[in-house]
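Asks: after the sequence you'll find the predicted model.
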Amino acid sequence: MTTSEDFEVVALIEKELFKRWPETKIEPSLDRISALCDALGSPQLSYPTVHIAGTNGKTTTSRMSDALFRGLGYRTGRFTSPHLESFLERISINGQSITPEGLISTYNDVALYFDLIDSKQEHPLSFFEAMTALAFVAFAEFPVDIAVIEAGMGGEWDATNVVQSQVSVITPIGLDHMEYLGNTLEEIALTKSGIIKPESHVVLAAQKPEVATVLMARALERAAIPYREGIEFAVKKRDLAVGGQLLTIDGIHGTYTDIFVPLYGAHQATNAALSLATVEAFAGVALDEDVVRNSFLAVDSPGRLEIVHRDPTVILDAAHNPHGAHALSTTLQNEFDFESVFGVFAILGDKDVDGVLAELEKVIDRLVVTQNSSDRAMLADELYKRAVKVFGQDRTYLEPDLRSAITYSMEQCALLNQVSDGISAVVVTGSVVTAGESRKIIRTIAGRAGDLS
């Protein structure tokens, strides 16, 4: 049973981990993580793995693949990033975040090795490298039957790329993290294709032609077997349904009908098809349809078009680049019937702010500009100036405090709903950090401070 002392120790561990290089500061190399894993006895090689890279959709595809594997009876581990509210979310065992006791035990096992590697390398281990190693060890100690590993940034030199994955998955690729990954889609695709292992299976989302060319060339070079969305597998049919969507998916080995996915957006249908093909590629056979239906029925994806409050409706979405904002915009246009949408927007300063704003302008009627607590957040005053150029002064409001911005938007939305026949909503977006902090704020506003669901 978790005690208050356990939470205090976890807080101390988190503080120590965050003293390390942040995951956004990269020294592209596998030297440190390779040395650490060697010292730990290569725990990441003690179980089979699925490795997922791409620009958008990685976390949801990881969660869906995890759910399918569990539905088939596998004991699973899942490593994803970044987290919404607690860093414990990054390491999941059998669908649940690692317990405080589990994290403490794992950290105690490996902390001395962190110090050892730090003393032997030019640069110390980063936060992300340390978390990756903690996940590898936790999965080995459980032990898991399969681990679903999401790459952090890039692929070729990402810390997760010391696994020897049986299946590699590449979600849609767009422009992001260009300071590290390159200035063109081809350069970014080449880096992300580095996760493809020799003679493995590769599941590829539909890509732009120049990206597909790079990915297929790497698959051919590695003698890997590719499965391409739209060719070897596809979403055959998609219908909107109350609370989500109903899908028919042509998989690699079979066709699956009447799959209800309780998530919104065509991009989530793509993620569902990717995850189904991933598990089929690993299993080598068609899956039981009832298992597939039941597994998808239980899927959730916090912070991704997540409805967190009713009356008024409040939706959180972690879109932080134009590709993600386009998916959000398209879904709001096609799958919701809101009379008016209030936007609350806080983004990190190193993102394509203008590109995201251009996508949001299509669906948001009034935008409240604010900022989150990240030290990388664009200051609200600067963001307001950028937003006015896209939305105009009459549609743009400045409220530097995130809680006040959310409260104001909810109040204005509720007032509008009282005097109108239509329904208006609040959409909070711009960053995973924004989505995570907003989840806590809205729970407090709603009087559900202790609810961590």
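Replies: In hand now; what should we look at?

Asks: drop to CA atoms for contacts and neighbour counts, all remaining ones
Replies: OK.

Asks: you'd agree Val314 is in a helix?
Replies: No. Looking at Val314 with DSSP: H, G, I helix; E, B strand; the rest coil, it is strand, so not inside a helix.

Asks: count of neighbours near it?
Replies: Here the number of neighbours of Val314 (other C-alpha atoms under 10 Å) works out to 24.

Asks: okay, it: pLDDT?
Replies: At Val314, the model reports a pLDDT of 97.

Asks: likewise Asp421?
Replies: 84.

Asks: tell me what the helix or strand where Ile249 lies is packed against?
Replies: Secondary structure assignment for Ile249, by DSSP states H and E: strand 244-250. On a contact count with 3 or more C-alpha pairs under 8 Å, 6 or more residues apart in numbering; DSSP states H and E, strand 244-250 meets strand 234-241, strand 255-261.

Asks: and these, which is most packed in?
Replies: strand 255-261 (a mean of 20; mean count of other C-alpha atoms under 10 Å).

Asks: strand partners of it, parallel vs antiparallel please.
Replies: strand 244-250 (antiparallel) (DSSP bridges).

Asks: quick one: the strand it pairs with to strand 234-241, angle?
Replies: Angular relation of strand 244-250 and strand 234-241 on a 0 to 180 degree scale: 160 degrees, by axes from the mean of the first three to the mean of the last three C-alpha atoms, to 10 degrees.

Asks: so for strand 244-250, mean pLDDT?
Replies: Mean pLDDT, strand 244-250: 97.

Asks: give me the contact list for that strand.
Replies: 233-240, 255-264, 269, 273 (C-alpha atoms under 8 Å, 6 or more residues apart in numbering).

Asks: from the chain's centre, how far out does it sit?
Replies: Taking C-alpha atoms, centre = their mean, to the nearest Å, the mean C-alpha location of strand 244-250 is offset from the chain mean by 21 Å.

Asks: and if you look at stretch 97-116?
Replies: Computed by C-alpha atoms, centre = their mean, the separation of stretch 97-116 from the middle of its chain amounts to 24 Å.

Asks: how about that stretch: buried residues?
Replies: The neighbour-count check on stretch 97-116 (16 or more other C-alpha atoms under 10 Å) flags 97-104, 106-107, 110, 113-114 as buried.

Asks: run a quick neighbour tally on Glu361.
Replies: Glu361 - counted by other C-alpha under 10 Å - has 17 other residues nearby.

Asks: what residues does the most centrally placed residue in the chain make contact with?
Replies: Nearest residue to the geometric centre of the chain (C-alpha atoms, centre = their mean): Thr59, 3.2 Å. Taking C-alpha under 8 Å, 6+ apart as the criterion, Thr59 is in contact with Thr80, Ser81, Glu150, Ser301.

Asks: so which of these wins on neighbours?
Replies: Neighbour max across the contacts of Thr59 (other C-alpha under 10 Å) = Glu150, 26 neighbours.

Asks: show me what that residue bridges to in the sheet.
Replies: If you apply DSSP bridges, the partners that Glu150 bridges to are Ile52.

Asks: my read: it touches Arg90, true?
Replies: No. In this structure Glu150 lies outside contact range of Arg90 using C-alpha atoms under 8 Å: 9.7 Å.

Asks: tell me the helices in the stretch 101-250 of the chain, going along the chain?
Replies: 127-141, 178-181, 185-192, 209-221 (DSSP state H, counting those that start in this stretch).

Asks: so what does the third one touch, helix or strand wise?
Replies: Translated: helix 185-192. Using 3+ C-alpha pairs under 8 Å, 6+ apart: helix 185-192 touches helix 178-181, helix 209-221.

Asks: ranking those by mean pLDDT, which is last?
Replies: Among the helices and strands packed on helix 185-192, helix 178-181 has the lowest mean pLDDT, at a mean of 63.

Asks: and the two most separated of the buried residues of stretch 97-116?
Replies: Comparing every pair within these by C-alpha to C-alpha identifies Ser97 and Tyr113 as the most remote, at 23.7 Å.

Asks: between Glu150 and Arg90, which contacts overlap?
Replies: Taking C-alpha under 8 Å, 6+ apart as the criterion, Glu150 and Arg90 both touch Arg78, Phe79, Thr80, Ser81.

Asks: could you pull out the strands for the stretch 1-150 of the chain?
Replies: 49-53, 76-79, 91-93, 96-97, 146-150 (DSSP state E, counting those that start in this stretch).

Asks: in a markdown table, list the ones you listed along with mean pLDDT and distance to Thr407.
Replies: Listed next are the strands of the stretch 1-150 of the chain as a markdown table, based on pLDDT from 0 to 100; distance: least, C-alpha to C-alpha, whole Å:
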| stretch | mean pLDDT | distance to Thr407 |
| --- | --- | --- |
| strand 49-53 | 98 | 36 |
| strand 76-79 | 98 | 33 |
| strand 91-93 | 98 | 32 |
| strand 96-97 | 96 | 30 |
| strand 146-150 | 98 | 34 |
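
Asks: which residues of the stretch 1-150 of the chain score low on pLDDT?
Replies: Low-confidence segments of the stretch 1-150 of the chain, defined by pLDDT under 70: 23, 25.

Asks: about what we covered before: between the helices of the stretch 101-250 of the chain, which one is closest to Gly155.
Replies: With C-alpha to C-alpha as the yardstick, what comes closest out of those is helix 185-192 (4.2 Å).

Asks: kindly calculate the angle that that closest one makes with helix 209-221.
Replies: Our comparison of helix 185-192 with helix 209-221, counting by the same axes, to 10 degrees, yields an angle of 30 degrees.

Asks: much appreciated, bye for now.
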